[in-house]
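> Turn this into a structure:
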Amino acid sequence: MASLCGEHHYGNITKTKIDSILDQLKKNGATITGNNPWTVDIHQHGIILQGTWDEKTSTLTIIVTNKNWYVPCQKIWDTIDPLIQHIASLRDKDVQ
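Residues are numbered from 1 along each chain as shown. Now for the predicted structure:
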């Protein structure tokens, strides 16, 4: 699927961290379909994301597959990047 805003890659993402990210997205009202890749509809401003996890390299790749015309790509990444980078910096035992 093509990205409207390029793709961002995040290292040090383990299975524990993937499970936590998906759980938190659901708790915050997102609809998630699929299983690697996952399609995530956050139900805000038409934003739909796709996440793909490479278990061998522990890398999560996120793309934006849909958004309303008035939403700048940089605003989306300014929200996602710090969250995923924070999760990546945690030890698995510290992930909730």
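
> hey, what's Thr52 bridged with?
Applying DSSP bridges to Thr52 gives these bridge partners: Thr61.

> and it, what is it in contact with?
Shown in contact with Thr52 (CB atoms under 8 Å, 6 or more residues apart in numbering): 36-38, 60-61. Glycine gets a C-beta too; all of them are placed from N, C-alpha and C.

> and what of Asn66?
4, 46-48.

> which ones among the residues you listed are found in strands?
Of the contacts of Asn66, the ones assigned to strands by DSSP state E are Ile48.

> thinking again about what came up before, quick check: of the contacts of Thr52, which lies closest to Gly11?
Nearest to Gly11 among the contacts of Thr52 is Leu60, at 8.2 Å by CB to CB.

> And for that closest one, nearest residue in space, chain neighbours not counted?
Ile13 (4.2 Å; CB to CB, 6 or more residues apart in numbering).

> Thr33 now?
Nearest non-adjacent residue to Thr33 (CB to CB, 6+ apart): Thr39, at 4.8 Å.

> How about the one you found: which residues does it bridge to?
Bridge pairing for Thr39 - DSSP bridges - gives Thr33, Gln50.
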